[in-house]
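S.K.: I'd like to go over a predicted model; first the sequence, then the structure.
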Amino acid sequence: MKKIISFFTVLLLPSVVLGASVDMSEPKVITADKIEYDLKTETIKTTGDTEIVNASGQRMTLIDSYLTKNGESLSGDDIRLWLGNHVYIESENIERKGDITIARNALFTACDNCDSFGDAWKISTYKIVHNMDTRMLRFYSPILWTYDIPVLWLPFFEMPDPGIKHKTGFLMPDFESTNKMGTQINIPLYIAISDTHDVTLTTSYLTQENPLFQIEHRLNAPHSEYRTRGSFTHNRAGENRWHIFNDDVIELGEYARATVFLERTSDKTYLQKYGFYGDQPYLDSGAKLELFGQSSYIVADAHIFQELRDSTGRYSAPDGNILPNIRAVHQTQPLFGETYATFGADVLGISGDGTSSQRLIGDARLTTPWTLWGGNRVTASVSARYDVYHFNNTEMIDQQNFSGFKNRFLPSGYLEWGLPMFRPSSNWTQILEPRARLTVMRRTDEDRFALNNDSAGALLTDSTLFSDNRFSGLDLWENGTFADYGLRWSGFNENGHTFEIFLGQTYDFIDRAATDPNSGFHNGASDYVGRISYNNTKWLNVATRFRLGQESLSLRHVETSANIGTSRNFLNIGHIWSQQFIDAQTADEDINEAVIGAGIQLTNRWSVRWNAIYNMEYNEFQRHTGGFFYTHPCYYLSVEYRRDNAIKEDYVGTTTFQFRFGMSIEGQRY
């Protein structure tokens, strides 16, 4: 009785409406111009445009179909099995048994209507097998066509269908060629362990060197993530060369986070020779623990360094490891008015080459800001700091090695004044702000103890003005009393245009000890420092920072950066020039370097990009890279080159060419 009801339901619907549909267990939904059901053979015949959707969501379109009740046998014209919005298999004959679908004399493409003049790519094959359980497509004797031109034949090819985000298998290889190691073919194998855990193993074959093996591991766990990259080769000289980079971040709750990092390589030049170098002067390994509070912060970290430089300018490269380094800061709520207190503690240990030193610092500061009549802003602050050092066979500033304790008490305070004056108008709003600060510190001969310390010295810039400690670290103490003063003008309008000019100077009331002639500081008045910037928020952002000689106003230092254009067409320029002296009378080689990057969108899909680092003092490129890039909805390709002119130990600069090609299916790259 149920079959008769189903028969009349299916039979009568086409006579009432043009588009008929019937729900069945397998296939799930059939839509057609006309549907006929044979009760005896339990088969379905459709006439006209037909769409079949089975229980697993697989969709098929065809004309004048014939299929069994469970969809195991199927025939029709213009059969297309749709695997995505633009992805289908077209076949003369498609058979399906359970989760297995077989298409013979088939065509596969993920570029349906991607171009007005044809599909960008398609694969023809005498047989395609699609496994709905594993979501894999297997091609037998496939031919890759690009705009109806055959370009590649393979005896066998397998790939996941668009419903799969992660699937183990080989990825598209890419090619490189260098003038030192020949042609390099990179063959990556992707291993999907889970949706949040995967590994990529890459074997690189080089024509003039032994194979290179690479690994990249990724794991996203609840409240943590782990990333590891590494490589290894046993070269023709019989050396084992390798590197490993690791970065793990573990969230330990709402107020704590741990980080573990590892950077290590077999030697100083391996990263450069094999293309893993990113201009890092040293490698840093260690761990860090951070604790957060509403108004408190504690960080404890340890560092073990591997130096990659032979020297740093005129001096040898520093060495030593940091274990431990602990810094804690707590700021109170307002004690009265807007007055607040800040407490800090710092612990540092440095060891290396048979020497070691430990430092303990405790400091407290009371800061009170006021806003007075006429918009005057005044901030007063007093602080006290106590340092305890323990040295073990450490070279001191008198060139003698010392073991034992040293300490110092360092009180200080400052008074700062500023008066921002506004002038709004219909076009621009302008702000003129004079600012001055007087800093008083204890005068001490012990501005530093040891030669090897955490401070890299002082360099006067606009950002170091109005600071009670103008050194980059804590071991060197800014000694005596000094004043900072400057004038800032800025303007902005409702169209997003901003303009800023700043000029300032510092004055030391007490003679400085061993002043670096390149620092910009002098006894008395310093050099002048300033900045100029403009940004229209659309296509131009330019900024420059400079330093002018105190007596002659000659240019001593300038850094400029400019971003011109949009994300599609742009020109980025960075430049630094600095006049250098060995002493107050002896000139050294100037620092004169430019960084240039440019990109041009030739068409909607073709673009060219280039960037370089150019040493203008020696009139030569340190490094430059460039290439052509093509991005299509269905595939991508790039041809790039890299030229590195560095010379270090056994490494001599190389030129590398790289070619990459891949297919894109439903936004996923293969």
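M.R.: Everything's here; your move. Residues are numbered from 1 along each chain as shown.
S.K.: who's in contact with the helix or strand containing R547?
M.R.: Per DSSP states H and E: R547 is located in strand 540-548. Contacting residues not belonging to strand 540-548 are listed as 460-462, 520, 527-535, 554-564 [Cβ atoms under 8 Å, 6 or more residues apart in numbering]. For every residue, glycine as well, the C-beta is placed using N, CA and C.
S.K.: could you give me the average pLDDT of it?
M.R.: Averaged over strand 540-548, pLDDT sits at 96.
S.K.: residues of that strand that come out buried?
M.R.: Using 16 or more other Cβ atoms under 10 Å as the test for burial, strand 540-548 gives 541, 545-548.
S.K.: Sitting in strands, which of the contacts of strand 540-548 do you find?
M.R.: Per DSSP state E, strands hold the following members of these: 528-535, 555-564.
S.K.: of the buried residues of strand 540-548, closest to I613?
M.R.: R545 (19.3 Å; Cβ to Cβ).
S.K.: that older thread, reformat the buried residues of strand 540-548 as JSON lines; add distance to D511.
M.R.: Shown next, in JSON lines, are the buried residues of strand 540-548 (distance: Cβ to Cβ, whole Å):
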{"residue": "N541", "distance to D511": "41"}
{"residue": "R545", "distance to D511": "27"}
{"residue": "F546", "distance to D511": "26"}
{"residue": "R547", "distance to D511": "21"}
{"residue": "L548", "distance to D511": "22"}
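S.K.: Which of these lies at the shortest distance from I149?
M.R.: When the buried residues of strand 540-548 are compared for distance to I149 (Cβ to Cβ), N541 wins out at 44.6 Å.
S.K.: For that closest one, give the beta-bridge partners.
M.R.: N535, N563 (DSSP bridges).
S.K.: where's it relative to G496, distance?
M.R.: Using Cβ to Cβ, to the nearest Å, we find N541 at a distance of 11 Å from G496.
S.K.: Identify the contacts common to those two.
M.R.: Contacts common to N541 and G496, judged by Cβ under 8 Å, 6+ apart, are N535.
S.K.: where does the chain dip in pLDDT?
M.R.: Scanning the chain for pLDDT under 70 picks out 1-28, 55-57, 69-74, 162-163, 310-319, 456-457, 513-514, 664-670.
S.K.: Skip the chain neighbours and tell me the closest residue to the spatially most central residue of it.
M.R.: Among the residues of the chain, the one closest to the centroid is G278, at 11.9 Å (Cα atoms, centre = their mean). With Cβ to Cβ, 6 or more residues apart in numbering as the criterion, G278 has its nearest non-adjacent residue at 8.0 Å, and that residue is L271.
S.K.: gap between the closest residue to A345 other than its chain neighbours and L289?
M.R.: Among residues not flanking A345 along the chain, A328 sits closest, at 4.7 Å (Cβ to Cβ, 6+ apart). Going from A328 to L289 by Cβ to Cβ gives 12 Å.
S.K.: Now list whatever residues contact both of the two.
M.R.: V299.
S.K.: And the ones in strands among the contacts of strand 540-548, which of them are buried?
M.R.: When those are checked against 16+ other Cβ under 10 Å, the ones flagged as buried are 528-531, 533-535, 556-557, 559-561, 563.
S.K.: Just name the closest of those to K34, please.
M.R.: Nearest member of these to K34, counting by Cβ to Cβ, is N563, at 63.2 Å.
S.K.: show me what contacts the closest one?
M.R.: 540-542, 570-572.
S.K.: before we move on, what about T379?
M.R.: By Cβ under 8 Å, 6+ apart, the contact list for T379 reads 367-370, 414-416.
S.K.: Got phi/psi on it?
M.R.: Dihedral angles phi and psi of T379 (degrees, to the nearest 10) take the values phi -130, psi 130.
S.K.: In which helix or strand does the residue nearest to G278 reside?
M.R.: Assigned by DSSP H and E, L271 falls in helix 270-273.
S.K.: Equivalent analysis for S607, please.
M.R.: strand 606-615.
S.K.: Quickly run through the sheet partners of that strand, with directions.
M.R.: Using DSSP bridges, the strands paired with strand 606-615 are strand 591-601 (antiparallel), strand 620-631 (antiparallel).
S.K.: for the following helix or strand past the last one, packing partners?
M.R.: Beyond strand 620-631 on the C-terminal side, the first helix or strand identified by DSSP H and E is strand 635-644. Under the contact definition 3 or more Cβ pairs under 8 Å, 6 or more residues apart in numbering; DSSP states H and E, strand 635-644 sits against strand 620-631, strand 655-665.
S.K.: Tell me how far the nearest residue to K538 once chain neighbours are set aside lies from D33.
M.R.: Using Cβ to Cβ, 6+ apart and skipping the chain neighbours, the partner closest in space to K538 is G496 (7.4 Å). Counting by Cβ to Cβ, the gap between G496 and D33 amounts to 58 Å.
S.K.: Tell me which of the two has more neighbours.
M.R.: Neighbours per residue, other Cβ atoms under 10 Å: of G496 and D33, the larger number sits with D33, 16 against 10.
S.K.: neighbouring strands for the strand or helix carrying the more buried one, and are they parallel or not?
M.R.: Using DSSP H and E, D33 maps to strand 29-38. Strand pairing for strand 29-38, determined by DSSP bridges: strand 20-23 (antiparallel), strand 43-53 (antiparallel).
S.K.: before we move on, back to that, arrange the strands paired with strand 606-615 in JSON lines, one row each, with mean neighbour count and distance to S383 as further columns.
M.R.: Compiled in JSON lines, the strands paired with strand 606-615 are given as follows (neighbours: other Cβ atoms under 10 Å; distance: least, Cβ to Cβ, whole Å):
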{"stretch": "strand 591-601", "mean neighbour count": "16", "distance to S383": "35"}
{"stretch": "strand 620-631", "mean neighbour count": "15", "distance to S383": "43"}
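S.K.: need the ones you listed in CSV with distance to G662, can you?
M.R.: Converted to CSV, the strands paired with strand 606-615 look like this (distance: least, Cβ to Cβ, whole Å):
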stretch, distance to G662
strand 591-601, 20
strand 620-631, 11
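S.K.: between those, which gets nearest to G230?
M.R.: strand 620-631 (23.7 Å).
S.K.: next one: that closest one to chain centre, how far?
M.R.: 18 Å (Cα atoms, centre = their mean, to the nearest Å).
S.K.: For that strand, give me every contacting residue.
M.R.: 593, 605-615, 636-646, 658.
S.K.: now do 7 Å
M.R.: Here strand 620-631 makes contact (Cβ atoms under 7 Å, 6 or more residues apart in numbering) with 605-615, 636-646.
S.K.: and if you look at stretch 296-305?
M.R.: Contacts of stretch 296-305 (Cβ under 7 Å, 6+ apart): 282-291, 321-330.
S.K.: Let me know the helix or strand that the closest residue to M441 other than its chain neighbours is in.
M.R.: Closest residue to M441 apart from its sequence neighbours, by Cβ to Cβ, 6+ apart: S412 at 4.3 Å. Counting by DSSP H and E, the element that carries S412 is strand 401-418.
S.K.: and S472, how far is that from E478?
M.R.: On the measure of Cβ to Cβ, S472 and E478 end up 11 Å apart.
S.K.: Do you have the helices of this protein handy? List them.
M.R.: 2-16, 270-273 (DSSP state H).
S.K.: Which positions in stretch 104-111 come out as buried?
M.R.: In stretch 104-111, counting by 16+ other Cβ under 10 Å, buried: 106-111.
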